[in-house]
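**Q** Structure for this input, please:
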Amino acid sequence: METKQKRRIVRVKIADKSYEVWANSDEDESFMREAAKKVDAQVELRMKEQGESDIQKVLAMVSLDSMVARLKGDNDLEVIQSTVFKHLDYLQKHFNPSGQN
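**A** Presented below is the predicted three-dimensional model:
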């Protein structure tokens, strides 16, 4: 029988501020912590290396960058899936195990 993990609060820090977020599993918690580290690194990069001081602008740009990357990844996945299905269809038509074409 599967053991059900309890939902729990995870504390993360972004731009010198602590936040509480919910995690439904150890995997979720790991993703939350890794994402927070990446967001914090991007905030630090924009503020220190690019000289931006408006935290609202910085967070908006980091959010925008993250969403663009997500959409590109989703699009790439759709292209890959389409290509794989196309090739599977080809293989099924030309290499039918029953010997029927």
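**Q** any idea how far Glu27 is from the residue most central in space within the chain?
**A** Most central in the chain under Cα atoms, centre = their mean is Arg70, positioned 6.3 Å from the mean C-alpha point. Using Cβ to Cβ, to the nearest Å, we find Arg70 at a distance of 18 Å from Glu27. All C-beta spots, glycine's among them, are computed from the backbone N, C-alpha and C.
**Q** Using the three-state scheme, assign the residue nearest to the centre of the chain.
**A** When classified by DSSP: H, G, I helix; E, B strand; the rest coil, Arg70 comes out as helix.
**Q** ok, now the one 3 residues further on?
**A** At Gly73, secondary structure determined by three-state DSSP is helix.
**Q** distance of it from Ser66?
**A** 11 Å.
**Q** Name the residue in these two with the higher neighbour count.
**A** Ser66 (14 against 10; other Cβ atoms under 10 Å).
**Q** And the more buried one, what's its pLDDT?
**A** Ser66 carries a pLDDT score of 94 in this model.
**Q** for the helix or strand of the chain with the lowest mean pLDDT, which positions count as buried?
**A** Taking mean pLDDT, DSSP states H and E as the measure, the chain has helix 55-94 as its least confident helix or strand, at a mean of 92. For helix 55-94, burial by neighbour count (16 or more other Cβ atoms under 10 Å) applies to Val58, Leu59, Met61, Val62.
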